[in-house]
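Undergrad: okay, structure incoming, though there's no sequence with it:
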């Protein structure tokens, strides 16, 4: 496609560009990755995404690379230590949220077979490809993110408001919200051999 323009937010730094090009909007059904993105999106509340990306490795070190079972088993002392020494956003509720969310993810996995199966059921296990021409058209939340947010809160997840959940759905590829001019939009991507 001639004159392709990437999504404007991806041009704010090399980490943002790498994340945009290699992860954002690409469907993932890996429980650990979904759990990581849910918590990073929650940690972002009130901050910029670049701040979180810069601390991503710190989060992985602090939270056992987002292994759900290990995060669910963390003690109060473990969380206190992260609050005082971790290379993370030092916000008590956000740090405690990781353990709370891990326990809720375990319950969802038990009921649905995996955390991923729980999340993706809302879109019938399929990606929804949007066709936005301008950044201003992309919503901050929608009906689905409101429904999921409500369901997650009921299940004991925290930092899962409709705006956070919409960002999460974009991150894990339930939505492809790349602009139609972006080389990373589903319609513009080069097919990878051996992939669906």
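TA: That came through, no problem. Worth saying up front: this structure is predicted, and the values here are computed from it rather than measured.
Undergrad: quick one: mean pLDDT for the longest helix anywhere in the chain?
TA: When the chain is parsed with DSSP state H, its longest helix is helix 92-112. Summarised as a single mean, pLDDT over helix 92-112 is 98.
Undergrad: stretch 20-32 now?
TA: 97.
Undergrad: for the remainder of this discussion, apply numbering that starts at 142.
TA: In the new count, where the first residue is 142, that last one comes out as stretch 161-173.
Undergrad: still on that earlier bit, run the chain-centre distance for the longest helix of the chain.
TA: 14 Å (CA atoms, centre = their mean, to the nearest Å).
Undergrad: next: stretch 313-325.
TA: Taking mean C-alpha positions (CA atoms, centre = their mean), stretch 313-325 and its chain are 14 Å apart.
Undergrad: how about stretch 235-254?
TA: Per CA atoms, centre = their mean, the centroid offset for stretch 235-254 relative to its chain is 14 Å.
Undergrad: buried set for the longest helix of the chain?
TA: Neighbour-count burial for helix 233-253, counted by 16 or more other CB atoms under 10 Å, picks out 235-250. From N, CA and C alone the C-beta is placed, and that goes for glycine too.
Undergrad: show me what secondary structure element comes after it.
TA: Scanning forward in sequence from helix 233-253 by DSSP states H and E, the next helix or strand is helix 256-261.
Undergrad: on contacts alone, who are the packing partners of that following helix?
TA: With contacts defined as 3 or more CB pairs under 8 Å, 6 or more residues apart in numbering; DSSP states H and E, helix 256-261 has these neighbours: helix 172-185, helix 233-253.
Undergrad: any chance of JSON lines for these, columns distance to residue 282?
TA: Converted to JSON lines, these look like this (distance: least, CB to CB, whole Å):
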{"stretch": "helix 172-185", "distance to residue 282": "12"}
{"stretch": "helix 233-253", "distance to residue 282": "19"}
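Undergrad: nearest to residue 260, of these?
TA: For the helices and strands packed on helix 256-261, proximity to residue 260 was assessed by CB to CB; helix 172-185 is nearest, at 5.9 Å.
Undergrad: how about residues contacting whatever helix or strand comes next after the closest one?
TA: Moving toward the C-terminus from helix 172-185, the next helix or strand (DSSP H and E) is helix 190-195. With contact meaning CB atoms under 8 Å, 6 or more residues apart in numbering, helix 190-195 is reached by 150, 153-154, 156-157, 160, 181, 184-185, 200, 230.
Undergrad: can you turn the buried part of those residues into a ChimeraX selection?
TA: Selection of buried members from those for ChimeraX, criterion 16+ other CB under 10 Å:
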select :150,157,160,181,184,185,200,230
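Undergrad: return the subset of the contacts of helix 190-195 lying in helices.
TA: 156-157, 160, 181, 184-185, 200.
Undergrad: export these to JSON lines and tack on distance to residue 173?
TA: As requested, the ones in helices among the contacts of helix 190-195 are arranged in JSON lines below (distance: CB to CB, whole Å):
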{"residue": "156", "distance to residue 173": "20"}
{"residue": "157", "distance to residue 173": "22"}
{"residue": "160", "distance to residue 173": "17"}
{"residue": "181", "distance to residue 173": "12"}
{"residue": "184", "distance to residue 173": "16"}
{"residue": "185", "distance to residue 173": "19"}
{"residue": "200", "distance to residue 173": "13"}
